[in-house]
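[1] sequence below, structure please.
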Amino acid sequence: MQSFRFAQHNLSSDDPLFTAALADAYANKRRPSCLCITQGVPMYIAHVGDRHLIKRMPNTGSQHRPDCESYEPPAELSGLGEVAGSAIQEDIDSGITALKLDFSLSKTTRRSLPLASGVEADSVRTDGKMLTLRGTLHYLWDEAGLNRWTPAMAGKRSWSVVRKYLLQAAENKAAKGLSLGSSLFIPETFNAEHKRAILERQLAKLLPARVRAGSTRKLMLLIGEVKKVDTARYGQKLVVKHLPDLPFMVADDLSNRMAKRFETELALWNADASTHLVAIATFGFDNAGVAAVEEMALVLTSDNWIPVEHLHDMQLLAALIDSGRRFSKGLRYNLASSRPLASVVLSDTAPLPFALYAIPPNVNDEYRLALEVLTSNSELPQWIWMAGEASMPPLPVPAELCLSQSK
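    The predicted structure is shown next:
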């Protein structure tokens, strides 16, 4: 449980006086400090809806203790370093984070062909000035804490939990001059007994996308778990779990691009029934009221909803979870697959967190050189598994085990 310093008082986040202290500090423009370290780490307070939320200051995540809820691995070890401060701009005074998106949330009658967002160019250059669809999903996943794991989380994650924290993560985010939440559609967990009420809320949420404004139509942003992709009379039909009565049409050209771009994700999803395939897509409604996908990206997750990139990523996560470890999963955001990043940062080692790299087979010399530069410039100790060349090395020893062995 985190503790904070408010002026002369120290309060834990579960203290009955904590909510009032937050409101008072916000009203008087005072910043509390997280007491995970003796000198404290400055925080700020955002006012979201009818709540006051305490948040870490930008670029201070790595200053917190590794076991602190506000700890964040150094940005350069993931794709966050490419987009923080440019595509993601956090205003600590207003509490609003502005996102610059490289995809549209509206459609005119004259629109280019849909894309499989996340298509990697021939070069390895990435544009950190705007978030791709995959980058947007990774950011919300990160903000929701869904890429973090502790043993206490085992058996406690479901789609309703995922949805709850994604919606909370979107609350104070703005894009295209509007609240991101106003465009975000995440289906509720289906319940036959409450089907009518769920349908009414769904229709109310989607109503703005069904109304035309001249030649322009509003697009919504879908985040949902893929159930299946069926062949339709024309193109494909995306079926999302918990949305039995709302299929999404996918044009043939987009379907073909998806199959090529997300070949690895689709193959692993087909091979392992425990995984989840999450789609993030922009969509709108045609004159007949049929939902159609404009752009889409796919992200594979483990059974615990932690994003994974390849088979060896999955094997590493399984070993860590089976061993009862605490960690944060590195997310790629806009970063091309030809660039290295830390697969996992362990938060249960001492005196520093440990960066773990699961390197897929057949990486080229350019990748190896980039990995060498990344690890040599990092302040964290490293564990590197060259998958396909050697078996998985022993995992770094957790701090509590080191302590018990030293006694």
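[2] CA only for contacts and neighbour counts going forward, please
    OK.
[3] and Ala291, what is it in contact with?
    Taking Cα atoms under 8 Å, 6 or more residues apart in numbering, we find Ala291 in contact with Leu246, Pro247, Phe248, Met249, Phe283, Gly284, Phe285.
[4] check contacts around the residue most central in space within the chain.
    Residue closest to the average C-alpha location in the chain (Cα atoms, centre = their mean): Trp141, at 2.1 Å. Trp141 sits next to Asn147, Leu166 when contact means Cα under 8 Å, 6+ apart.
[5] where do the strands sit along the stretch 151-300 of the chain?
    For the stretch 151-300 of the chain, applying DSSP state E, counting those that start in this stretch gives strands covering 173-175, 178-179, 184-185, 212-213, 216-218, 220-231, 236-240, 248-250, 276-285, 291-301.
[6] among the ones you listed, which is nearest Lys260?
    strand 291-301 (11.7 Å; Cα to Cα).
[7] weakest of the strands of the stretch 151-300 of the chain in terms of mean pLDDT?
    Note on the strands of the stretch 151-300 of the chain: strand 212-213 shows the lowest mean pLDDT, a mean of 70.
[8] still on that earlier bit, make a PyMOL selection of whichever of the contacts of Ala291 turn out to be buried.
    Applying 16 or more other Cα atoms under 10 Å to these leaves a buried subset, and the PyMOL line that selects it is:
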select buried, resi 247+248+249+283+284+285
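[9] now, which of the contacts of Ala291 sits nearest Gly95?
    Of all those, Gly95 sits closest to Phe283, with 28.6 Å by Cα to Cα.
[10] what's the neighbour count on the nearest residue to that closest one once chain neighbours are set aside?
    Closest residue to Phe283 apart from its sequence neighbours, by Cα to Cα, 6 or more residues apart in numbering: Val293 at 4.3 Å. Here the count is done by other Cα atoms under 10 Å, and Val293 has 25 residues near it.
[11] how about the contacts made by Val293?
    So Val293 contacts Pro114, Phe248, Met249, Val250, Ala251, Ala281, Thr282, Phe283, Gly284 (Cα under 8 Å, 6+ apart).
[12] now with 10 Å?
    Residues near Val293 by Cα atoms under 10 Å, 6 or more residues apart in numbering: 114-116, 219-222, 237-238, 248-251, 254, 280-285.
[13] next: Arg65.
    Per Cα under 10 Å, 6+ apart, neighbours of Arg65: Cys34, Leu35, Cys36, Ile37, Val41, Tyr71, Glu72, Ser347, Pro351, Leu352, Pro353.
[14] now it: how far from Tyr71?
    To Tyr71, Arg65 is 6 Å away according to Cα to Cα, to the nearest Å.
[15] same check on His310?
    26 Å.
[16] next, count neighbours for the closest residue to Ala7 other than its chain neighbours.
    Once flanking residues are discounted, Ala7 sits nearest to Pro32: 7.3 Å by Cα to Cα, 6+ apart. Pro32 is flanked by 26 other residues according to other Cα under 10 Å.
[17] I figured Pro32 hits Ser13, correct?
    No - assessed by Cα atoms under 10 Å, Pro32 is found out of contact with Ser13, at 11.9 Å.
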